Structures are given as C-alpha cells and as structure tokens.
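Peer 1: What would the 3D arrangement of this be:
(one chain, ligands or ions: 1)
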Amino acid sequence: MLNIGVFGAWRGNSYIDLFRDDEEIEIVAICDKNTDKLNENKENFGDAYLCGDFDDFLAEGKNRGMSAVFLANYFNEHTPFAIKAMEAGLDVISECTAAGTLAECVELVECVEKTGRKYILAENYPFSTQNLKMGKIVSSGELGTLLYAEGEYNHSGDNAELRKYTPSEFHWRAWMPRTYYVTHALGPIMYMTKSMPKYVSARAAHSDLLYKIRDWRHNYDGVGMMFCEMDNGMIARCTGCTAMASDYSRYRVAGDRAGIEWGGYIPDDKVRRFYFSHTKPEGEEQISLIDADLSEFGEKGKKAAKAGHGGGDYWIVQEMKDYFLRDKKPFFDVYAGVAMSAVGILGWRSCLNHGENIKIPDFRNKEERDAVRDDRLTPFPDQDGNGITLPCALPYEETE
Ligand SMILES: NC(=O)c1ccc[n+]([C@@H]2O[C@H](COP(=O)([O-])OP(=O)(O)OC[C@H]3O[C@@H](n4cnc5c(N)ncnc54)[C@H](O)[C@@H]3O)[C@@H](O)[C@H]2O)c1
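Peer 2: The predicted structure is shown next:
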C-alpha cells in the first residue's frame, strides 16, 4: 500500500480522484496554505489530514504512515520541499519543473544520491494516448536513424483565464520566461526517443498583445523556441509554453526511413506515418493514419480514457506505483528531470544572448555540477517581490 500526501491542492486536486480510485493508494494528508482550496473539495478528501503548513504536513503525515509526497506547489519551488521530504525519509513525485535554478538542479540530484530516496517527475504529456502510440512506433525502429524531433506545447488564454491562473502579484505565472515550461514539449520527445539534451540554443519573440497587460503579467514574450542537440545524435526543436495563436499542440519524430506525427490537421484519434517509396515495407501504405486508442491496454486503458491530459495523469500514477511499490525505475528520474529544467533555464539565457549555444550540464558528472553549483540566477521573485536576478522578458523599446 502506498500512503501518499499531496502538497498543493489546486493541480494536486486533479490527482485526488485517481488516488482514491486506486486500491493500492491511501491519501494520508493534504497540505495547502490556501484554505479555500482545502474547503472547496473537503468531502472528496475523506479522512486525510488537512493543513496549511509543510512541516506540520510532514510530521503528522509521517505519524499516519505517509511514505511518499506528491508535490503540486508552485512551479519554481519544488526543489526545497522535495529535499525536505527526502531528508525526512519519504519518496517524492514532483510536478514540473524539477528545479528552478541550476544550483537547485545540483542540490536535488545530490539529495537523491545521498538519501537513496526515490524521485520521479510527474511529466504526463509523454503518456497522452497519441504520444504513447508514437513512442511505440519510434521504439520499433521502423523510422530508421532518428534525425529530428519536435514538440510544440501551446497553451494561452484570454485575460480572464490568465487572471484566474495568476492569482497574486508575485505568482510564478506572471514572471516565468517563455522557455521555462519546457517539459510538456521536450518530455515527450525525450521519452519517445530515449534521448537526453546536450546543448540548447533558443530565441524568444515579443508580443504586443501581452505587452498591454505587462503591469500584472510581466513575461510579455509570446514564444520561446529551443533547438537542442540530443545525445543520440538527433536534433530537436521544442517550445516552452507558448502564447502563439494556435488551437493545438503537436509532436513529430522523423528518421531517415519514416516519420511520425500528430496534432494540427491530423484527426485527434490518429497519428500520421510517412514512408518514402523506397523505404516502405511491403504491404504498408506510403502515408497512413494509424489509430491511437487505448484498446490494447484492456481495463487500464478504460480507466486511462477517463483521466486528464489524454490519459496521461492515469499513466503517471501507474509509473509512480511501479517505482515506489515495485522498484521499476521510471524514465523521468531525477537526472532526466533536472536536464529538462536546465534546458528551460539555459534556453532563456540563450534567448537573452541572441541564440548563444549553451551546453546542458551532465548532472551525473561532479565537475560539471561544480561549475553551476552556485548558479542561482532567477527571474522569479520571492513572496515579497525580492530576489529577481534575471529579466523575464526580452528587452523591448516602445516606438511611436
Ligand atoms: N502536468 C500538468 O499537466 C500540470 C497541469 C497544471 C499544473 N501543473 C503544475 O502543478 C503545479 C501547481 O500548479 P497549479 O496549477 O496548481 O497552480 P499554483 O501553482 O498556483 O498552485 C499551487 C498550490 O500550492 C499551494 N502552495 C504553494 N506553496 C505552498 C506552501 N509553501 N505551503 C502550502 N501551500 C502552498 C498554493 O496555495 C496553491 O493552491 C505547478 O508546478 C504546475 O506547473 C502541471
């Protein structure tokens, strides 16, 4: 039985039903400093201990047998709480992003190594139904040598929606540069191709529309686009979270024999595969729309179909249980997690320097860790509005 505590009851709440429906999981405690978030869904929380303070949550949770923590607190504040939890003897599953600075990337990795606790990033987009299908095709080898992949995660909204998701002055969503929310675009690429990023070069573009609301959303660029050299020799292009006018996200992996993609004009329940005439296996079409559904997963597939993010949230729970209860190592371990954070962090520095190509540290390597151990540059303010050491948007000069 996995006795879990949930830290952050906004996004955290979308996992509560999945946890409650799972006979291998018991929700022991839920923590959120915003009591509205606790009260709104109280009847859904059963006997779980409810509180607003993390130390109280850890102490009372442990009294009640808590062995793992799901971190769904602020985007850029996961590392210190992950470290506290692991040092208290608990395993950690964390929402994105793994770490807010390069120094935190080092601290997180070293905490996992020192404590021997289990850490998994809850990056769910690789497990959406279409991305799972694409991943299966990629791993069959039929694309040939992998050359290129792209992940484009588009998610903006009107001002009312932006306000809703930016509830306070110093909230991370008001200060996050466009490259930082990289995991939903890069994560699927890494997972499908089993590759890690080695270098990043990136550019951002200013948005006049977002500039109009700069008094409360200071990150007024519309897009950050990153270009990565991957360790399997492939190149990859990915967004952070964009505000481009687009009604879909999309993913693509292209090899020298075939390519596979979904999003855009491709029907929602299909992925599209292309072969050259000279690489097409006998009996296959040159272009085919392949069903992407969950029927091959039986009962689990039926449950996943009801879960958020195209089933991705359900599969994250399975990944977590397989690791915490059965010791099956996940792809998104601490090294994959911090590598993605570093792409977002260094991608932004590249944007600020006209696309400079920057090496992603290998966080398994002590010398490479030492080089960034004290690197705490951040675009995010603390709760009093202090501590910013990087701009969160490109320099922009107004003209007539
Ligand atoms: N994977 C996905 O599909 C997905 C979707 C939405 C959000 N997220 C991630 O989930 C995380 C949370 O995002 P959100 O949408 O819930 O918005 P949010 O970050 O505004 O909400 C965080 C919640 O945590 C609570 N909290 C923060 N710090 C706390 C502290 N020190 N003590 C007690 N409570 C604290 C807040 O009161 C709030 O209710 C972020 O990392 C975000 O990136 C992921």
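Peer 1: Show me the shaky parts of the protein.
Peer 2: 400 (pLDDT under 70).
Peer 1: what distance separates stretch 45-60 from the middle of the whole chain?
Peer 2: 25 Å (CA atoms, centre = their mean, to the nearest Å).
Peer 1: Could you do stretch 106-120 as well?
Peer 2: 18 Å.
Peer 1: Can you pull out the residues in contact with stretch 148-161?
Peer 2: Stretch 148-161 is contacted by residues 125, 162, 165, 181, 184-189, 192-193, 213, 230, 234-244, 246-254, 263 when judged by CB atoms under 8 Å, 6 or more residues apart in numbering. In short, each C-beta sits where N, CA and C put it, glycine included.
Peer 1: Which positions in that stretch come out as buried?
Peer 2: 148, 149, 150, 151, 152, 153, 154, 156 (16 or more other CB atoms under 10 Å).
Peer 1: Tell me the one of the residues you listed nearest residue 290?
Peer 2: Checking these against residue 290 with CB to CB, the nearest one is residue 149 at 17.8 Å.
Peer 1: Distance-wise, check the residue lying closest to residue 231 once chain neighbours are set aside relative to the ligand.
Peer 2: Excluding the flanking residues, the one nearest residue 231 by CB to CB, 6 or more residues apart in numbering is residue 196, at 4.7 Å. Going from residue 196 to the ligand by CB to the nearest ligand atom, to the nearest Å gives 20 Å.
Peer 1: just checking, residue 196 touches residue 187?
Peer 2: No: under the criterion of CB atoms under 8 Å, residue 196 makes no contact with residue 187, lying 11.7 Å away.
Peer 1: Those two: which has the busier surroundings?
Peer 2: Taking other CB atoms under 10 Å, residue 196 and residue 187 do not tie; residue 187 has more neighbours (26 against 17).
Peer 1: next SSE after the helix or strand hosting that one?
Peer 2: Using DSSP states H and E, residue 187 sits within helix 183-193. Using DSSP H and E, the helix or strand that follows helix 183-193 in sequence is strand 197-206.
Peer 1: Would you mind pulling up the elements that the next helix or strand after that next one packs against?
Peer 2: Per DSSP H and E, strand 197-206 leads on to helix 208-211 as the next helix or strand towards the C-terminus. Where contact means 3 or more CB pairs under 8 Å, 6 or more residues apart in numbering; DSSP states H and E, helix 208-211 is packed against strand 221-230.
Peer 1: Mind doing that once more with 7 Å?
Peer 2: Contact here means 3 or more CB pairs under 7 Å, 6 or more residues apart in numbering; DSSP states H and E; on that basis helix 208-211 packs against no helix or strand.
Peer 1: who in the stretch 101-250 of the chain is up against the ligand?
Peer 2: Contact residues (CB under 6 Å from any ligand atom) of the stretch 101-250 of the chain with the ligand: residue 124.
Peer 1: Find the closest residue to the ligand in the stretch 101-250 of the chain.
Peer 2: residue 124 (4.8 Å; CB to the nearest ligand atom).
Peer 1: measure that residue to residue 283 for me?
Peer 2: Residue 124 is 35 Å from residue 283, where distance means CB to CB, to the nearest Å.
Peer 1: out of those two, which sits in the busier spot?
Peer 2: It is residue 124, of residue 124 and residue 283, that has more neighbours when counted by other CB under 10 Å, with 27 against 5.
Peer 1: Please give me every residue in contact with that one.
Peer 2: 309, 312, 313, 316 (CB atoms under 7 Å, 6 or more residues apart in numbering).
Peer 1: ok, back up a step: show the contacting residues for the residue nearest to residue 231.
Peer 2: 190, 230, 231, 336, 339.
Peer 1: Could you pull up phi and psi at the closest residue to residue 128 other than its chain neighbours?
Peer 2: Taking CB to CB, 6+ apart, and ignoring the residues beside it in sequence, residue 128 has residue 310 as its nearest neighbour in space, at 3.3 Å. Backbone geometry at residue 310, expressed as degrees, to the nearest 10, gives phi 60, psi 30.
Peer 1: Name the residues of the helix holding residue 187 that come out as buried.
Peer 2: Within helix 183-193, the residues that count as buried by 16+ other CB under 10 Å are 183, 184, 185, 186, 187, 188, 189, 190, 191, 192, 193.
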